[in-house]
Structure formats: structure tokens, C-alpha cells
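Chemist: Sequence below, structure please.
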Amino acid sequence: MEILNLKKEKNPAVAAKVAAAYLKDGKVIVYPTDTVYGFGCDAKNEQALETIRRLKMRQGDKPFSVIARNLAMVKKYAIFGKREEIFLSRLLPGKFTVILKSKNKLPEQLAGRNKTLGIRIPDYPLTKEISKNFQDLYITTSVNFSEEEPEIEGEEIIRKFRRRFPHPDLIINAGSLSQEGKRPLASTVIDLTEQKPKILRLGVMNPQKLLELFQAWGENAKK
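Modeler: Numbering: from 1, shown residues only. Sure thing, here's the model as predicted:
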């Protein structure tokens, strides 16, 4: 298990290149995001996906979300029309996970029984750089064990995995992700697979911005 220390104020390019190399090699990484720490692997690598499921001690077929570099990349794997594209272009990048219909080009354990795909495009320097270097979708799912709170302390993650097996191949430690002493919220999850957007989980968001987007959705539907 390699540990790579990352200071938030420094350029994340070096850490991102290392992370992308691990992803390309079929390895599992832990990395900070704009919300909490996440497990990551190549979204097409079923063995690595199973390793993450074991690391989280997650039972069943609950799907994982993925990080994409941009909407052009999302189009390769998800189905959405012009109205959804306008909505997404105004919403992302940001602290949102958007549920879209899958084109079924990824392992079944990502789509789940509903054949959907959870997409994130975070506005965060490290994840942007990883996407730039990896050039494909990679998994994003909170670092936590079943029924526990997501991890926000890099040192605590390192301490826990030094005593456990399996463990991730790489941990990028950015220290604490707390914001002004407060625990960060997870992303807000929005389902775009039906006629109207539906909020499945409230997390970090700007209520006024979201209201404007939902109103714009309704206006576009009338055209």
C-alpha cells in the first residue's frame, strides 16, 4: 500500500499522474474529492470493482457511481437528450451525482437492476487532473465500511487500512476534508431518467441555483 501525501495548496498534477497509472494498471486507489474521500478504480475493470466492494464490505448489487471528465465522455456511456444536456451543462461541474440511463457499455454491477449510471463531474483540481490523465471513467464511492459514516480524515484512513486486508493499492492523503470544522456533506443525487428531475439525496447544493435549473427544465419541456 503506497501513501502519497498531497497538500491542498500545491499543484495536484504529480499525484494525478500517479493515480492514473494505478487505475490503468487495474489497481484500487483512495483519493480526496470535493466532498469526502473516495475509492476509485477503472470503471471497466470487474476485478477491481469487486475489490472495492470487499473493501467497503458492501453486500448486494448496489451500484457505484463514476467520475467523467466532461459531458462528451458521459455521452459515450449514458443516454440523454438535448433538454438533459442543457440541464447538465448548467449543473456541472459541481457537487452533484446525476442518474442517467446507461448504454450498457460498462460492467453490469455498475448499472444495477435499473440499467442506470450515476455520473459525477466534480469541480475539484485533483479529480480533474486524474480525469485528464486517465481519459476514461473511474469509480467514485465513499471510503467507508458498511453502515459507517464516509471518511474525511486521510490519516484515519491510513491507520484503518494498515490493520486490514484487503487494502487499497494507493492512498492519496490530503489531510482533513472538514470545512470550517464541519463534516462535509456528500453530493446531491438527482435522477434524470424520468420526465422530471427528482432529488434522491440532499447534499451540498445551492438551493436557489437548483430551483432556477428546475424551473428552466419546465420551461424547456413546454417548447
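Chemist: ranges for the helices of the chain?
Modeler: Counting by DSSP state H, the chain has helices at residues 13-24, 46-56, 71-77, 82-91, 108-111, 125-134, 154-161, 207-222.
Chemist: Could I get these in TSV, plus columns for mean pLDDT?
Modeler: Output for the helices of the chain, formatted as TSV (pLDDT from 0 to 100):
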stretch	mean pLDDT
helix 13-24	95
helix 46-56	92
helix 71-77	95
helix 82-91	90
helix 108-111	81
helix 125-134	96
helix 154-161	92
helix 207-222	70
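Chemist: Let me know which of the ones you listed is the nearest to I3.
Modeler: helix 154-161 (6.1 Å; C-beta to C-beta). Placement of C-beta: from N, CA and C, glycine included.
Chemist: Could you check that closest one and say which residues are buried?
Modeler: G154, I157, I158, F161 (16 or more other C-beta atoms under 10 Å).
Chemist: ok, the last one touching N173?
Modeler: In other words, F161. No - in this structure, F161 is not within contact of N173 by C-beta atoms under 8 Å, at 11.3 Å.
Chemist: show me the contacts for the residue positioned nearest the centre of the chain.
Modeler: The centroid of the chain falls nearest to T140 when counting by C-alpha atoms, centre = their mean (3.3 Å). Taking C-beta atoms under 8 Å, 6 or more residues apart in numbering, we find T140 in contact with T33, G38, F39, G40, F64, S65, V66, I67, R120, T127.
Chemist: Between all of these, which two are separated the most?
Modeler: Among the contacts of T140, F64 and T127 lie farthest apart (C-beta to C-beta), at 15.1 Å.
Chemist: Quick check: pLDDT value at the closest residue in space to L92 that isn't next to it in sequence.
Modeler: Sequence neighbours aside, I121 is the residue nearest to L92 in space, at 4.3 Å (criterion: C-beta to C-beta, 6 or more residues apart in numbering). We have a pLDDT of 97 for I121.
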